[in-house]
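1. Have a look at this fold, sequence not included:
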């Protein structure tokens, strides 16, 4: 009957998404979720939200067919295109054609992969040309040449240097923002009935995020996306699907009213006895279902035992607090005293990225480095960190300065192959304190997990924890909130408010930047401007060539 209901729902809306009691457990692990049900109506732009590691990206991968669920049903009506979180990032040696093939329709994706393989076989002599001719014909018959025309149009709008040949131009020759924008341009103008977008804002600068918001609002496709950009969520999401407590609930409004709706929901769930009885019945029914499955297939025995254990623990604990406790992330960035002048930059420039400029950073300042992608913000941060050297000029630090660095890609060679507990133990020299520190950052259950297996948000939290424990008084942060969930971003912001030290950060997170004191903006032309506050900074980013806006800024010399 449930399957009939799913199919009936789809018939009611060609571009609908309907999910019913979806469940999934990673191999060898406890269930990630087991009661996820929601719907997205035609034309709606819904956002999946929840803490890092709760299963948001997993749900998109199930809907796209990349993963098989362990139970439940779902249906997606009409044509569908998907964009993964790491599109264009995981294989930098690929060509642009190989990257764009992966976001095409399934039939064109298969034909495109076959064409690439046939070309390689022809080049190495393992194909006499027949296989290539067949692959080329299939590509053309399925609409490959029309798709290549759309690639060219998207590249013209997205890539500063232009693209002449997609089959030879490497992904690594484009910035992360250019790759992401080109893919988004293709998807949002594709006319597909349904789009699944996993963190579409990552790697995009602030002007491009504004462009993305405009494109999403204008797009007639049904969209289900994962994002942690609070400003973007407020501007484009028409429905919020909240993944928490092993299940989900839906807020049928914008993200702007979501915090109030969640607080009200938590209050209504305060009737502990009724709540406990409802939850006990749900867990008991789930245990019975899992035991029935185990009786039919012994491979389900572990999951059945886990469901039984979960129910027994629940009953033994008695009436609980509300079932969705807020994630508790406690960041304690204390810092320390330093000289009034923390850093002095004199005539600093780097290659052709930006022109020479001078500035001073003082103790306690919050300085944001902003500007379009590819202008050299991360290079400048690297020069302050000492990992890069300016081509001109000098950078000197004041006495008693201790510099800590947060990396944009959360890829620490010194952390790879090591467990979270070991990494923190090196900094506090005590087992119990190490576990307490990990617990404050929501990483207690990941203590014995190796760094490279963590999610992006978990890696980011671990790196921020290390900065806290190392006790620096100058923090250089490169996109610190890019992979953090909303709760973790807010915890970091609160910690920085009380931090007794200096912060210099590259960020495209507008909510995060709003708390900074002043800004240094690098333009596409390499000019460097001092901007006195957030409002002026946002106006300059929106109209970098407008002289009226730039006159509000002091040109650094």
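-> On my side now, so go ahead. Please read these numbers as outputs of a predicted model, since none were measured by experiment.
2. Looking at the chain, which helix is longest?
-> helix 272-296 (DSSP state H).
3. Show me what secondary structure element comes after that helix.
-> Toward the C-terminus, helix 272-296 is succeeded by helix 301-317 as the next helix or strand (DSSP states H and E).
4. Sort out which residues of that following helix are buried, please.
-> Across helix 301-317, burial judged by 16 or more other Cβ atoms under 10 Å covers 303-304, 306-308, 310-311, 314. All C-beta spots, glycine's among them, are computed from the backbone N, C-alpha and C.
5. Looking at those, which is nearest residue 98?
-> Checking these against residue 98 by Cβ to Cβ gives residue 303 as the nearest, at 37.7 Å.
6. For residue 22, see how far away the closest one is.
-> To residue 22, residue 303 is 15 Å away according to Cβ to Cβ, to the nearest Å.
7. coming back round to it: can I get the buried residues of helix 301-317 in JSON lines with distance to residue 431 and pLDDT?
-> Formatted as JSON lines, those follow (distance: Cβ to Cβ, whole Å; pLDDT from 0 to 100):
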{"residue": "303", "distance to residue 431": "32", "pLDDT": "85"}
{"residue": "304", "distance to residue 431": "34", "pLDDT": "88"}
{"residue": "306", "distance to residue 431": "28", "pLDDT": "88"}
{"residue": "307", "distance to residue 431": "32", "pLDDT": "89"}
{"residue": "308", "distance to residue 431": "32", "pLDDT": "89"}
{"residue": "310", "distance to residue 431": "28", "pLDDT": "87"}
{"residue": "311", "distance to residue 431": "32", "pLDDT": "88"}
{"residue": "314", "distance to residue 431": "30", "pLDDT": "84"}
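8. for the residues you listed, which one is nearest residue 141?
-> Nearest to residue 141 out of those is residue 303 (Cβ to Cβ; 45.2 Å).
9. That closest one and residue 69: what is the separation?
-> Computed as Cβ to Cβ, the residue 303 to residue 69 distance reads 13 Å.
10. again, but for residue 75
-> Taking Cβ to Cβ, one finds residue 75 at 12 Å from residue 69.
11. what does residue 525 give?
-> Plainly put, residue 525 is 50 Å away from residue 69 if you go by Cβ to Cβ.
12. Which residue of the two possesses the greater neighbour count?
-> A count of neighbours by other Cβ atoms under 10 Å puts residue 69 above the other of residue 525 and residue 69, at 20 against 10.
13. does the more buried one count as helix, strand or coil?
-> The three-state label for residue 69, taken from DSSP: H, G, I helix; E, B strand; the rest coil, comes out as coil.
14. quick one: pLDDT of residue 12?
-> Looking at residue 12, its pLDDT is 47.
15. For the stretch 101-250 of the chain, just list every one of the strands.
-> Listed in chain order, the strands of the stretch 101-250 of the chain (DSSP state E, counting those that start in this stretch) span residues 194-198, 222-226, 239-244, 247-251.
16. in its sheet, what does the longest one sit against?
-> By that I understand strand 239-244. Applying DSSP bridges, strand 239-244 is found paired with strand 45-49 (parallel), strand 247-251 (antiparallel).
17. Pipe these into a markdown table and attach mean neighbour count and mean pLDDT per row.
-> Shown next, in a markdown table, are the strands paired with strand 239-244 (neighbours: other Cβ atoms under 10 Å; pLDDT from 0 to 100):
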| stretch | mean neighbour count | mean pLDDT |
| --- | --- | --- |
| strand 45-49 | 23 | 96 |
| strand 247-251 | 19 | 90 |
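18. To residue 484, which of these lies closest?
-> The stretch from the strands paired with strand 239-244 with the least distance to residue 484 (Cβ to Cβ) is strand 45-49; that distance is 12.7 Å.
19. Following the chain onward from the closest one, which element is next?
-> Next helix or strand after strand 45-49 toward the C-terminus (DSSP H and E): helix 56-64.
20. What angle do strand 194-198 and that following helix make with each other?
-> If you take axes from the mean of the first three to the mean of the last three Cα atoms, to 10 degrees, helix 56-64 sits at 150 degrees to strand 194-198.
21. Just give me how far helix 56-64 sits from the chain centre.
-> Helix 56-64 has its C-alpha centroid displaced from the chain centroid by 14 Å (Cα atoms, centre = their mean, to the nearest Å).
22. Show me what it is packed against.
-> Counting contacts by 3 or more Cβ pairs under 8 Å, 6 or more residues apart in numbering; DSSP states H and E, helix 56-64 packs against strand 17-24, strand 33-40, strand 45-49, strand 71-76, strand 80-83, strand 194-198, strand 222-226.
23. Could you provide these in TSV, with additional columns for distance to residue 501?
-> Shown next, in TSV, are the helices and strands packed on helix 56-64 (distance: least, Cβ to Cβ, whole Å):
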stretch	distance to residue 501
strand 17-24	42
strand 33-40	40
strand 45-49	31
strand 71-76	48
strand 80-83	38
strand 194-198	35
strand 222-226	33
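24. Out of those strands, flag the one nearest residue 514.
-> Between these, strand 45-49 lies closest to residue 514; by Cβ to Cβ that is 20.0 Å.
25. ok, residues contacting the closest one?
-> Applying Cβ atoms under 8 Å, 6 or more residues apart in numbering, the contact partners of strand 45-49 are 17, 38, 40, 56, 59-60, 216-217, 219, 222-227, 233, 236-243, 255, 258, 486.
26. Restricted to buried residues, select these in PyMOL.
-> Typed into PyMOL, the next command selects the buried ones out of those (criterion: 16+ other Cβ under 10 Å):
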select buried, resi 17+38+40+56+59+60+216+219+222+223+224+225+226+227+233+236+237+238+239+240+241+242+243+255+258+486
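27. In contact with residue 156, which residues?
-> Residues near residue 156 by Cβ under 8 Å, 6+ apart: residue 162.
28. Check what pLDDT it gets.
-> As predicted, residue 156 sits at a pLDDT of 92.
29. Residue 379 too?
-> We have a pLDDT of 91 for residue 379.
30. What's the separation between residue 480 and residue 406?
-> Distance of residue 480 to residue 406, computed by Cβ to Cβ: 5 Å.
31. residues of the host helix or strand of residue 469 that come out buried?
-> Using DSSP H and E, residue 469 sits within helix 456-470. In terms of neighbour count (16+ other Cβ under 10 Å), helix 456-470 has its buried residues at 456-469.
32. biggest separation within the residues you listed, which pair?
-> Farthest pair in the buried residues of helix 456-470 (Cβ to Cβ) is 456 and 469. Separation: 20.8 Å.
33. What confidence value was assigned to residue 509?
-> For residue 509, the predicted pLDDT is 93.
34. Can you give me the neighbour number for it?
-> 23.
35. Surely it touches residue 478?
-> No. Contact criterion Cβ atoms under 8 Å: residue 509 and residue 478 do not qualify, at 12.0 Å.
36. For the residue nearest to residue 117 when sequence neighbours are not counted, which residues are in contact?
-> Once flanking residues are discounted, residue 117 sits nearest to residue 135: 7.6 Å by Cβ to Cβ, 6 or more residues apart in numbering. Counting by Cβ under 8 Å, 6+ apart, residue 135 touches 111, 114-115, 117-119.
37. where's residue 135 relative to residue 144, distance?
-> With Cβ to Cβ as the criterion, residue 135 and residue 144 are 10 Å apart.
38. What count of nearby residues applies to the closest residue to residue 101 other than its chain neighbours?
-> The shortest distance from residue 101 to any non-neighbouring residue, by Cβ to Cβ, 6+ apart, is to residue 112 (3.5 Å). If you count neighbours by other Cβ under 10 Å, residue 112 ends up with 24.
39. Would you confirm that residue 112 contacts residue 144?
-> Yes. Contact criterion Cβ under 8 Å: residue 112 and residue 144 qualify, at 6.8 Å.
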